[in-house]
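Predicted model follows, preceded by the sequence.
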Amino acid sequence: MRIKRLKDEKGFTLIEMLVVLMIISVLLLIALPNMTKNTDLAGDKSCDATRKLVQTQVSAYEVEHGQLPRSLDTLVQEGYVDQVTCASGKTLRLDGKNVIIVSG
């Protein structure tokens, strides 16, 4: 007994769908590490920009008051900067005259 196949049947076979899913998976495995690496790099650059901004405000405080601030909290209290942390969670610290990034 033979089973008739209709010639106008449309659709994908299971094998074809599995092949497409495998190709998409491989492409994602290639792309994801690059995206996360770029996100980390952007976070580092953003934190460095924040550090430079706070460093500039330390200099402005020194010019206006004739001395360095005791801590970065002094800059926040006096309205020189809004925050002394980076978006990535790292904090900034005053080390003498320099602002440094401390891992959070």
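Cool, the structure landed.

which regions of the chain lie under the pLDDT threshold?
1-9, 104 (pLDDT under 70).

and with 90 instead?
Where the chain drops to pLDDT under 90, the residues are 1-13, 30-44, 46, 70-72, 74-75, 78-91, 93-97, 100-104.

in it, which spans are strands?
91-95, 98-102 (DSSP state E).

Dump those strands into a markdown table; add distance to Pro69 as well.
Placement of C-beta: from N, CA and C, glycine included. Output for these, formatted as a markdown table (distance: least, Cβ to Cβ, whole Å):
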| stretch | distance to Pro69 |
| --- | --- |
| strand 91-95 | 7 |
| strand 98-102 | 11 |
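
I'd like those as CSV, with distance to Val20 and mean neighbour count appended.
Putting those into CSV (distance: least, Cβ to Cβ, whole Å; neighbours: other Cβ atoms under 10 Å) gives the following:
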stretch, distance to Val20, mean neighbour count
strand 91-95, 47, 16
strand 98-102, 45, 14
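
So which of the ones you listed is nearest Gln55?
strand 98-102 (4.5 Å; Cβ to Cβ).

Pull the CA coordinates from stretch 67-74 and hand them back as CSV.
What follows is stretch 67-74, C-alpha atoms only, in CSV (Å, rounded to 0.1, in the frame of the first residue of the first chain):
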residue,chain,number,x,y,z
GLN,A,67,43.3,74.0,49.8
LEU,A,68,42.4,70.5,48.6
PRO,A,69,39.1,69.0,49.8
ARG,A,70,39.3,66.6,52.7
SER,A,71,37.4,64.0,50.7
LEU,A,72,35.3,63.7,47.6
ASP,A,73,32.2,63.8,49.9
THR,A,74,33.2,67.5,50.5
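
Please compute how far it lies from its chain's middle.
28 Å (Cα atoms, centre = their mean, to the nearest Å).

residues in contact with that stretch?
54, 58, 61-62, 75, 78, 81, 84, 92-94, 96-97, 99 (Cβ atoms under 8 Å, 6 or more residues apart in numbering).
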